[in-house]
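Participant: mind looking at a prediction? Sequence and model below.
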Amino acid sequence: KLAISDGYKNAYSAIIDGQVTTLLTGIVLYMFGSGPIKGFATTLIVGILTSLFSAIFLTRLIFEWQLRKGGTILFASTKTENWLRNTKIKFLEKRKMFYVISGAFIILSIGSFFVRGLNYGIDFEGGRTYVVRFDQDVKVAEVQNALAVVFESSPEVKTFGESNQVRITTDYKIDDKSENVDNEVEALLIKGLQDGGFLDESVTLEQFTDDYQLSSQKVGPTISDDIRKDSAIAITFSLIIIFLYILIRFRNWQYGLGAVAALAHDSLIVLGIFSLFYGALPFSLEIDQAFIAAILTVVGYSINDTVVVFDRIREYLGLHPKRDRDVNVNEALNSTLRRT
């Protein structure tokens, strides 16, 4: 009973700090985001509040109920009981090796940004997207070649679910604000597909919309610029708020800087993978609003884990103030491995 009481008392700071930093990110996203980002932020905030309630209140109720029953409370099976327990990895001695590995990944990622860039989706570039279902399976390269003739440049064509469904994205006449331009682009789309043998010559615009076109979307350059600006503001504010919160909680600017550096490290490597491998992998690595929500999920998990580790380091430094700092930090890191 005393162990559970002390355990919760010591765990509160880690639970609250880890969740509050993510919650602050969610609030910033809600304030500055739009569309799917705002929806993601709402889900994140509700999820964090319910997680806090269950982590602090419900789990304790269950443990205390088991204690009253006289049951044995186990946190591992026989197979995992000693897994990553009492490890003696000397993390600080190996840090230079990991600086080199991380540095190489980050240089590779930044280099790829300059050489290849990122595969920006319609949300950021502006354009029209059509999801089309054909009567037979098609090859995206053939569809792309057929449409390149009518659109004067190659649109982006990707398989969308089944092999007979594709998503076609083009920026053809996206700056044209004339009244009939949407119908004109759609008519060219149909002509290109007919010339390529993917649609029957008799298919009309109305028939195409009803029978073949599953969805369409248009994003103007002005809207895409606003989304890009909102996303940049949201991420920047999130990082500043996280730094300030950790600075206040840990009363040490190095912790705040370390947390932001960890976030930048994790985010840069994920972005680098998207830059390096788009077009080479058989699935979309497009940068769109959904990706922004996803990278912010990475940020959420990264900061949560970082705060838990920092909290354990702070605890060990407080418990053993006279012991060598490197020993304290290594033991703290080893003790969080099972949780991580």
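Facilitator: Great, that's in hand. Residues are numbered from 1 along each chain as shown.
Participant: and the strands in the chain?
Facilitator: Using DSSP state E, the strands found in the chain span residues 127-133, 156-160, 162-170, 213-219.
Participant: wait, what's in contact with the residue in the chain sticking out farthest from the centre?
Facilitator: Distance from the C-alpha centroid of the chain, by CA atoms, centre = their mean, peaks at residue 202 (44.6 Å). Taking CB atoms under 8 Å, 6 or more residues apart in numbering as the definition of contact, residue 202 has no neighbours. For every residue, glycine as well, the C-beta is placed using N, CA and C.
Participant: would you put the C-alpha positions of stretch 80-88 in PDB?
Facilitator: Taking C-alpha atoms only, stretch 80-88 is exported to PDB below (Å, rounded to 0.1, in the frame of the first residue of the first chain):
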ATOM      1  CA  THR A  80       9.400 -10.200 -19.300                       C
ATOM      2  CA  GLU A  81      10.100 -10.000 -15.600                       C
ATOM      3  CA  ASN A  82      13.800  -9.300 -16.000                       C
ATOM      4  CA  TRP A  83      13.700  -7.800 -19.500                       C
ATOM      5  CA  LEU A  84      15.700  -4.500 -19.600                       C
ATOM      6  CA  ARG A  85      15.800  -4.500 -15.800                       C
ATOM      7  CA  ASN A  86      19.100  -3.700 -14.100                       C
ATOM      8  CA  THR A  87      20.800  -2.800 -17.300                       C
ATOM      9  CA  LYS A  88      24.200  -1.100 -17.100                       C
END
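Participant: burial measure for residue 49, as a count.
Facilitator: A count of nearby residues for residue 49, using other CB atoms under 10 Å, gives 13.
Participant: leaving out chain neighbours, which residue sits closest to it?
Facilitator: By the measure of CB to CB, 6 or more residues apart in numbering, the closest residue to residue 49 outside its immediate chain neighbours is residue 23, 7.7 Å from it.
Participant: any idea how far residue 193 is from that neighbour?
Facilitator: Counting by CB to CB, to the nearest Å, the separation of residue 23 from residue 193 is 48 Å.
Participant: quick one: which of the two has more around it?
Facilitator: Under the criterion of other CB under 10 Å, the comparison of residue 23 against residue 193 puts residue 193 first, with 24 against 20.
Participant: ok, the more buried one touching residue 145?
Facilitator: No. Counting by CB atoms under 8 Å, residue 145 is not a contact partner of residue 193; they are 11.7 Å apart.
Participant: ok so, going back, residue 109 versus the residue nearest to residue 49, what's the distance?
Facilitator: Residue 23 is 29 Å from residue 109, by CB to CB.
Participant: model confidence for the residue farthest from the centre of the chain, exactly?
Facilitator: Among the per-residue scores, residue 202 shows a pLDDT of 82.
Participant: just residue 222 next, same as before
Facilitator: 56.
Participant: how about residue 312?
Facilitator: Here the pLDDT value assigned to residue 312 is 89.
Participant: quick one: contacts for it?
Facilitator: Per CB under 8 Å, 6+ apart, neighbours of residue 312: 14, 332, 333, 335, 336.
Participant: let's see that with 7 Å instead.
Facilitator: Listed by CB atoms under 7 Å, 6 or more residues apart in numbering, the contact partners of residue 312 are 332, 335, 336.
Participant: burial measure for the first one, as a count.
Facilitator: Counted by other CB under 10 Å, the residues lying close to residue 332 total 20.
Participant: same question for the last one.
Facilitator: A total of 17 residues lie near residue 336 under the criterion other CB under 10 Å.
Participant: residues contacting it?
Facilitator: Contact analysis of residue 336 by CB under 7 Å, 6+ apart lists 308, 309, 312.
Participant: okay, residue 189: pLDDT?
Facilitator: On the pLDDT scale, residue 189 gets 84.
Participant: with adjacent residues omitted, what lies nearest to it?
Facilitator: Using CB to CB, 6+ apart and skipping the chain neighbours, the partner closest in space to residue 189 is residue 130 (6.3 Å).
Participant: quick one: contacts for the one you found?
Facilitator: Listed by CB under 7 Å, 6+ apart, the contact set of residue 130 reads 168, 189, 213, 216.
Participant: again, 8 Å this time
Facilitator: Contacts for residue 130 (CB under 8 Å, 6+ apart) come out as 167, 168, 169, 186, 189, 213, 215, 216.
Participant: surely the fifth one touches residue 147?
Facilitator: In this case it means residue 189. Yes. Using CB under 8 Å, residue 189 is in contact with residue 147, at 7.0 Å.
Participant: what ranges do the helices span in the stretch 1-150 of the chain?
Facilitator: Applying DSSP state H, counting those that start in this stretch to the stretch 1-150 of the chain gives helices spanning 2-32, 36-53, 59-69, 95-115, 122-125, 140-151.
Participant: perfect, I'm done here.
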